[in-house]
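Enquirer: attaching a predicted model along with its sequence, questions to come.
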Amino acid sequence: MPDEATFAARNAATQGFLALDDEQRAAAEAVRAADELAGGARLWPQWEQVSAQCDRATEAYLAATQQFPLDGSVSLRGAKAADEQALREIQAARQAITRFRSQHSRQIDEADMLIRNLPQSIQLARVALVDADKAVSAAEAAGFPSRRAAEKLVEAVRAESGIDTAPGLRERSSAAQRTVELARAAASLAAEAPNTASAVRSALRSVSTRREAATTKIERIEPALSALRREFSEPCSRDLVDAERVARAAVAAAGTALGDAERLAGSGDWDDAADAVARARAELGRAEERAQAATDRLTQLREVKADPTKEAASTRFVLRDAQRLVVDRGLVARFGPILDAQAVRLEHAQERLTGVHPDYWLYLTELRGIRERAKAVVEDVRALQRR
C-alpha cells in the first residue's frame, strides 16, 4: 500500500492536473473568441505552442497514474518521483498559460468578458421580450392598443431570433442588446398608451378651437395686403401675394387631418390618431404664420416709414459694439474688413430710401442682415477667446 508521502504526491499532481485542465480549456475558448472578434486567427498559432506544452504535462500525469495505480496492484517504487515530475511539468504549463494571458491581456480580457456576460445578456433579452409581450397584450386588453408598441415588439422578436443564428460572439451579444432595447421600448410605449389616448382626446378639442381661431386670423390677411398695396411699393408685399390662398389651403388640410384623427380615435388607433393631430397642428402653424406675416409686415413697415433713422441707429449701435470688441481683442486684421463692409452696406441702404414709395422692406431686410453679420463676428471673436 502507498505511504503518506506517495499519497500526497499523487494528490498534489491530481489537483494540479485538474487546475491545468480548467485553465487550458478556458484559455483556448478565450483565444478562439479573441480571434473571432479580431476577424482572423491572430493568437491561435501562438496559443498552440502553449497548448502543446499543456498536453505534454497532461500526458506525464496520465502516464504516472497509469504506470503507478495506487490500488496495490503494482510496485510503487518510483511513483512519488513520477508524480512530482508530472506536477513540475503541470506547474510549468500553468505558468506558460499565465504568461500568455498576460502578454495578450487586452484581447483575451475582452473576449473573456464577452464570454462571461453573454449568457446573462441573452437571459436579460428573453426576460425583457416576455415582459414587453405582456405589456403590449395588457394595453390592448384595456382598450389602449399601441401600434408603435406592437411594431417595436415585432422588431424585438426578430432581433431575439438572431441571437442563436448570429455567426459570432460579437453578433450574438449585439443581437441580445438590440433585443433588450427594442423590448423595453415596446413596453414603454405600451405603458404610455393610456396617456396617449388621453392626450389625443384633449388635443382634438384644442386643435378644433385653434382651427376656428386660425380661420378668423386669415380674414385679416386681405385687409393687411390691401393696406400694404396702398401705402407702400409693390416689392414690399410681393412675397405675400399668395398668403391667403396658402393659409386657407393649410386650414383645409388641418381639417382633413383633424377628421382623420377623430376617426382613428373612434376606432381606438391612438398612435395614428396622435400622428394625425400632429399633422393638423403643423398645417395650422403654417396658416397662422402666413396670417401673422401679413399683419406683422404692415406694422413693421408703418413703423420704419414713420422713422427710418430709428432702425438705422439700432443697427449702427450693434455694428459699433462689434467694432469695439474687435479692437479690444486685437483682432482688427481678421475681422475689421468684415465690419467695414457692413458699415458700407448700412450707408447704401439709407441712400436707397428715395422716391415717393421707397422699398422699406428691402431696407429693413438689409439692416437685419447687417446686424446678424455683426453678431456673428462677435460670436466668432468670443469663440476664439474660449480656445
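Expert: Noted; the coordinates are in hand.

Enquirer: where do the helices sit along the stretch 151-300 of the chain?
Expert: Per DSSP state H, counting those that start in this stretch, the stretch 151-300 of the chain carries helices over the ranges 169-218, 221-231, 243-266, 270-306.

Enquirer: for the ones you listed, give me a markdown table that also has mean neighbour count, mean pLDDT and distance to P69.
Expert: C-betas here are computed from N, CA, C, even on glycine. As requested, the helices of the stretch 151-300 of the chain are exported to a markdown table (neighbours: other CB atoms under 10 Å; pLDDT from 0 to 100; distance: least, CB to CB, whole Å):
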| stretch | mean neighbour count | mean pLDDT | distance to P69 |
| --- | --- | --- | --- |
| helix 169-218 | 18 | 91 | 42 |
| helix 221-231 | 16 | 95 | 106 |
| helix 243-266 | 18 | 95 | 82 |
| helix 270-306 | 19 | 95 | 74 |
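
Enquirer: now these in JSON lines, with distance to A92?
Expert: Shown next, in JSON lines, are these (distance: least, CB to CB, whole Å):
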{"stretch": "helix 169-218", "distance to A92": "31"}
{"stretch": "helix 221-231", "distance to A92": "93"}
{"stretch": "helix 243-266", "distance to A92": "75"}
{"stretch": "helix 270-306", "distance to A92": "66"}
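
Enquirer: of all the ones you listed, which lies closest to A341?
Expert: The closest of the helices of the stretch 151-300 of the chain to A341 is helix 270-306. By CB to CB, the value is 22.8 Å.

Enquirer: list the buried ones in the helix or strand following the closest one?
Expert: Sequence order places helix 308-328 as the next helix or strand after helix 270-306, per DSSP states H and E. For helix 308-328, the neighbour count (16 or more other CB atoms under 10 Å) marks 308, 311-312, 315-316, 318-319, 322-323, 325-326 as buried.

Enquirer: do stretch 362-380 as well
Expert: Neighbour-count burial for stretch 362-380 flags 363-364, 366-367, 370-371, 373-374, 377-378 (criterion: 16+ other CB under 10 Å).

Enquirer: with respect to R201, which of the residues you listed is nearest?
Expert: Among the buried residues of stretch 362-380, and counting by CB to CB, the member closest to R201 is L364, at 44.0 Å.

Enquirer: quick check: the closest one vs K310, distance?
Expert: 11 Å (CB to CB, to the nearest Å).

Enquirer: tell me, what's touching the two both at once?
Expert: Any residue near both L364 and K310 by CB atoms under 8 Å, 6 or more residues apart in numbering counts here, and that gives V304.

Enquirer: and R238, how many neighbours?
Expert: Residues near R238, counting by other CB atoms under 10 Å, number 10.

Enquirer: actually R106, not the one I typed
Expert: 9.

Enquirer: with distance to Q385 added, can I get the buried residues of stretch 362-380 in JSON lines?
Expert: Converted to JSON lines, these look like this (distance: CB to CB, whole Å):
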{"residue": "Y363", "distance to Q385": "34"}
{"residue": "L364", "distance to Q385": "32"}
{"residue": "E366", "distance to Q385": "30"}
{"residue": "L367", "distance to Q385": "28"}
{"residue": "I370", "distance to Q385": "23"}
{"residue": "R371", "distance to Q385": "21"}
{"residue": "R373", "distance to Q385": "19"}
{"residue": "A374", "distance to Q385": "17"}
{"residue": "V377", "distance to Q385": "13"}
{"residue": "V378", "distance to Q385": "11"}
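
Enquirer: farthest pair within those residues?
Expert: Longest distance between any two of the buried residues of stretch 362-380 is 23.2 Å, between Y363 and V378; criterion CB to CB.

Enquirer: quick revisit: ok, which of the helices of the stretch 151-300 of the chain comes nearest C54?
Expert: Closest among those, once you apply CB to CB, is helix 169-218, at 23.3 Å.

Enquirer: quick one, domains of the chain?
Expert: What the record gives for the chain is the domain set 4-103, 116-196, 200-297, 308-386, from automatic domain parsing.

Enquirer: looking at these, which is nearest to E110?
Expert: Closest of the domains of the chain to E110 is domain 4-103, at 6.7 Å (criterion: CB to CB).

Enquirer: export the domains of the chain to TSV and append columns for distance to D109.
Expert: Below are the domains of the chain laid out as TSV (distance: least, CB to CB, whole Å):
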stretch	distance to D109
domain 4-103	8
domain 116-196	10
domain 200-297	45
domain 308-386	39
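
Enquirer: E160 versus V180, what's the distance?
Expert: Noted for V180: a distance of 9 Å to E160, by CB to CB.

Enquirer: now do Q123
Expert: Q123 is 12 Å from E160, by CB to CB.

Enquirer: tell me which of the two has more neighbours.
Expert: E160 (21 against 11).

Enquirer: which non-adjacent residue is nearest the more buried one?
Expert: In this structure, E160 finds its nearest non-sequential neighbour in T179, 4.5 Å apart by CB to CB, 6 or more residues apart in numbering.

Enquirer: contacts only, for the one you found.
Expert: 125-126, 128-129, 156, 159-160, 163.

Enquirer: could you redo the last one with a cut-off of 6 Å?
Expert: By CB atoms under 6 Å, 6 or more residues apart in numbering, the residues touching T179 are 125, 156, 159-160.

Enquirer: does the residue lying farthest from the centre of the chain sit in a helix, a strand or a coil?
Expert: Largest separation from the mean C-alpha position in the chain: S75, at 72.6 Å (CA atoms, centre = their mean). Here S75 takes the coil state, with states given by DSSP: H, G, I helix; E, B strand; the rest coil.

Enquirer: measure it to D22 for me?
Expert: 32 Å.

Enquirer: cool, L284 as well?
Expert: Distance, L284 to D22, using CB to CB: 70 Å.
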